[in-house]
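Q: Predicted coordinates and the sequence they were generated for:
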Amino acid sequence: EKFKPISRVAEVIAIISLILAMVAILFDLGRPERLLHLFIYPQFNSPLIWDVFVINIYLVLCVAMLYLSIKGKVKPLKTFAYISIPAFVLVHSVTAWIFGLMKSQAGWHTAILAPLFIASALVSGLATIILALLFARRFLGVQVGRDVIVELGRYFKILLPILFYFLFCEFLTAGFANVPAHSAVLKELFLGRFAGIFWFDMAVGIIIPYLIVVSPFGKTTVGTGVVSLFSFLGVFAERIDIILPSFFHPS
């Protein structure tokens, strides 16, 4: 019940994020004027097409939930909310499979990428909602209870260790197997040109936020805001670490 007043904020953020995701796909096409060809001549052997369809489905669900939330129609809203959970999992899984099913790129061809994307999406999504609530509370005069924001922040206690575990599994598997191309990417992350971003992600994006959230400071709105900001920046750094180092070491 206490989270109901902020659900609309979450829905608006989801809609904006999905629209931005569609813009990213336009860049990937290379020929944006051929956008309609994705729907007229879909090539279902391409994960990019899967992404187009699941993002559109998820966007429709989010718009429907926002509309039902404004109208106060609880029963259909709850139905759409249940449907949106597997849609959320699919959106982030398919985005990960765009990378993970591409065996020609070092560091991408791994089964852990989909659950890793889901975990990092939960962390960054939660962080974005909390930061938006703090901004609205401070500058727009929106009445959001302090206890609600702090209660939301408590989920970082679960999500940050899960994200760290998936990252550890990825690095252990790639490092222990010692496949040359994957090892080259790991060296880039640990000691090479991306080491600063990688250790920023580990320290500022995961370890420090976790230490804050389990401390008394983490039970304040300021502490929750710091945890959210650090976690968001950490996920951004993680995305850089996943995508860019691979381009320097193609198989």
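A: The structure has been received and is ready for your questions.
Q: Name the nearest residue to residue 167, sequence neighbours excluded.
A: Excluding its sequence neighbours, the residue lying closest to residue 167 (CB to CB, 6 or more residues apart in numbering) is residue 116, at 6.8 Å. Where you see a C-beta, it was placed from the backbone N, CA and C, and this is true even at glycine.
Q: residue closest to the middle of the chain?
A: With distances taken as CA atoms, centre = their mean, residue 121 lies nearest the centre of the chain, 2.1 Å away.
Q: Now for that one: which residues touch it?
A: Residue 121 makes contact with 88, 92, according to CB atoms under 8 Å, 6 or more residues apart in numbering.
Q: What values do phi and psi take at it?
A: Torsion angles at residue 121 (phi, psi; degrees, to the nearest 10) stand at phi -70, psi -40.
Q: try residue 105
A: In terms of degrees, to the nearest 10, the main-chain angles of residue 105 are phi -100, psi 120.
Q: what's the distance between residue 44 and residue 88?
A: Residue 44 is 22 Å from residue 88, where distance means CB to CB, to the nearest Å.
Q: and what of residue 106?
A: According to CB to CB, residue 106 and residue 88 sit 29 Å apart.
Q: In terms of packing, which of these two has more residues around it?
A: Neighbours were counted for residue 106 and for residue 88 using other CB atoms under 10 Å; residue 106 has more, 23 against 19.
Q: pretty sure the more buried one contacts residue 187?
A: No: with contact defined as CB atoms under 8 Å, residue 106 does not count as touching residue 187 (11.1 Å).
Q: what sits in contact with each of the two?
A: Shared contacts of residue 106 and residue 187 (CB under 8 Å, 6+ apart): none.
Q: what distance separates the start and the end of stretch 130-147?
A: Separation of the first and last residues of stretch 130-147 by CA to CA, to the nearest Å is 12 Å.
Q: For it, list every residue counted as buried.
A: 130, 131, 132, 133, 134, 137, 144 (16 or more other CB atoms under 10 Å).
Q: quick one: secondary structure of the third one?
A: So the one you mean is residue 132. helix (DSSP: H, G, I helix; E, B strand; the rest coil).
Q: and the residue lying closest to it once chain neighbours are set aside, what element?
A: What sits nearest to residue 132 in space, not counting adjacent residues and going by CB to CB, 6+ apart, is residue 9, at 5.6 Å. Taking DSSP states H and E as the definition, residue 9 sits inside helix 7-29.
Q: What is that helix packed up against?
A: Judged by 3 or more CB pairs under 8 Å, 6 or more residues apart in numbering; DSSP states H and E, helix 7-29 is in contact with helix 47-71, helix 113-139.
Q: packing partners for the next helix or strand after that helix?
A: Going down the chain from helix 7-29, the next helix or strand is helix 37-40, by DSSP H and E. If you count contacts as 3+ CB pairs under 8 Å, 6+ apart, helix 37-40 packs onto helix 47-71.
Q: Buried residues in the helix it packs on, which are they?
A: Residues of helix 47-71 classed as buried: 47-52, 54-55, 58-59, 61-62, 64-66, 68-69 (neighbour count, 16+ other CB under 10 Å).
Q: relative to helix 7-29, how tilted is that helix?
A: Going by axes from the mean of the first three to the mean of the last three CA atoms, to 10 degrees, helix 47-71 is angled at 160 degrees with respect to helix 7-29.
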